[in-house]
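>>> Got a sequence here, can you build the structure:
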Amino acid sequence: MEGLEGRLGENINGPSVIKVPNWVENPLGKYYMYFAHHHGKFIRLAYADSPIGPWTIYKPGVLDIDKTAAKGHIASPDVIVDNEAKTVRMYFHGYNQDKSGQKTFLSTSKDGMDFIASETVLGPSYFRVFKYKSAYYALVKGAFYHSKNGIEPFKKGATILPKVRHTAVHLDGDKLVVFYSQKGDAPERILSCEVNLSGGSWKNWKASAPKEILKPEMDYEGAHLPIKKSVKGFSKKPVHELRDPAILVDDNDEVYLYYSVSGEFGIAVAKLKK
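Below you'll find the model as predicted:
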């Protein structure tokens, strides 16, 4: 694909898609997809006028590691729109300078392209953030975290998915729908569960029984490859696995599920049935 030639396209994962808010002037398209290379030095961007594409790569990217407090690489963008503040928030992870491992940081933008990164460590890696009532929460490696404003560090609460790799969240009133994949599944695929947020303290939230949403069925998803038990870490070659779910709720409450295919060798989208 143009813009992902050579090494730029050898690993593709971690999508996060937004509809560009109407207060952004002269956007590249109606939809922005943020994604990463597992060991990349910047966050990538693609744009389109439809949630299903076609997508065009914005070659410069939107956030370079040199403009952050992270080192090694930056990845796993999680992007949410704050319409009240007319700000686009992008949570991302990278190795912390004090060698304490991968941590999540926040960057903000007024146009979804030019981001300013904070040096504050918010928590572990792999945030999926949602605002519920007046507070911010993140689902992080299967555990809930809480912050009063999403800018200050998050505190850990209940663990609901101990085997999870990556997650996506869709808030529907007092119900949180969680999409995820699990390390060790054969094949690794996209599952879903629900959490009743009105049922007591956030530290005691519990997940419903899981149900399968998607598994590899097409060759580009890795369906032609052997089924094996998935392992942790990045995907060095195409495998029979789906990972990295992300959710976009579009006009008319249409829900789109984006996910990484063949491990980490592309991004696909499915429109979920109502």
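
>>> Only C-alpha atoms from now on, for both contacts and neighbour counts.
Noted.

>>> In this structure, which strand is the longest?
Longest strand in the chain by number of residues (criterion: DSSP state E): strand 71-82.

>>> Now do the buried residues in it.
If you call a residue buried by 16 or more other Cα atoms under 10 Å, then strand 71-82 has these buried ones: 71, 73, 74, 75, 76, 77, 78, 79, 80, 81.

>>> Can you verify my assumption that the third one contacts residue 42?
Put plainly, it is residue 74. Yes: A contact is recorded between residue 74 and residue 42 when judged using Cα atoms under 8 Å, the distance being 6.2 Å.

>>> which residues are common contacts for these two?
Taking Cα atoms under 8 Å, 6 or more residues apart in numbering as the contact criterion, the common neighbours of residue 74 and residue 42 are 36, 65.

>>> Please name the bridge partners of residue 256.
Residues in a beta bridge with residue 256, per DSSP bridges, are residue 248, residue 271.

>>> ugh, typo on my part, it should be residue 19
According to DSSP bridges, beta-bridge pairing links residue 19 with residue 31.

>>> so what's it up against?
Residues in contact with residue 19, defined by Cα under 8 Å, 6+ apart, are 30, 31, 32, 248, 250.

>>> Show me which of those is closest to residue 128.
Top of the list for closeness to residue 128, among the contacts of residue 19 and by Cα to Cα, is residue 248 at 12.8 Å.

>>> neighbours around the closest one, how many?
A count of nearby residues for residue 248, using other Cα atoms under 10 Å, gives 21.

>>> State whether it and residue 269 are indeed in contact, as I suppose.
No: the pair residue 248 / residue 269 is not scored as a contact, 10.1 Å apart, by Cα under 8 Å.

>>> Now for these two: what residues contact both?
Between them, residue 248 and residue 269 share the neighbouring residues 256, 257, 258, with contact defined by Cα under 8 Å, 6+ apart.

>>> now that we have the residues you listed, which one has the most neighbours?
Busiest of the shared contacts of residue 248 and residue 269 [other Cα under 10 Å] is residue 258, holding 25 neighbours.

>>> What strand or helix carries it?
Taking DSSP states H and E as the definition, one finds residue 258 inside strand 255-261.

>>> And for residue 105?
Assignment of secondary structure by DSSP H and E places residue 105 within strand 102-109.

>>> That strand packs against which elements?
Based on contacts counted as 3 or more Cα pairs under 8 Å, 6 or more residues apart in numbering; DSSP states H and E, the elements that strand 102-109 packs against are strand 87-95, strand 115-117, strand 123-124.

>>> mind listing what the second one pairs with, with the direction of each?
Here the strand partners of strand 115-117, with direction, are listed using DSSP bridges: strand 102-109 (antiparallel).

>>> Give the rounded mean pLDDT of the partner strand.
Strand 102-109 shows a mean pLDDT of 97 in the predicted model.

>>> do stretch 261-272 as well
The pLDDT scores in stretch 261-272 average 94.

>>> cool, and stretch 207-220?
Taken as a whole, stretch 207-220 carries a mean pLDDT of 97.

>>> cool, stretch 170-177 as well?
Along stretch 170-177, the predicted local confidence has a mean pLDDT of 96.

>>> hang on, the earlier thing: please identify the most buried of the helices and strands packed on strand 102-109.
Using mean count of other Cα atoms under 10 Å, the stretch among the helices and strands packed on strand 102-109 with the largest mean neighbour count is strand 87-95, at a mean of 23.

>>> List the strands paired with it, with their directions.
Every partner of strand 87-95, by DSSP bridges, with its direction: strand 71-82 (antiparallel), strand 102-109 (antiparallel).

>>> can you list these in TSV and add distance to residue 59?
Supplementary listing: these in TSV, determined by distance: least, Cα to Cα, whole Å:
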stretch	distance to residue 59
strand 71-82	16
strand 102-109	18
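
>>> Would you mind saying which of the ones you listed lies nearest residue 208?
Closest approach to residue 208 among the strands paired with strand 87-95 (Cα to Cα): strand 71-82, 24.0 Å.

>>> Of the strands paired with strand 87-95, which is nearest residue 203?
Ranking these by proximity to residue 203 (Cα to Cα) places strand 102-109 first, at 20.6 Å.

>>> And the closest one, how far out from the chain middle?
Computed by Cα atoms, centre = their mean, to the nearest Å, the chain-centroid distance of strand 102-109 equals 13 Å.
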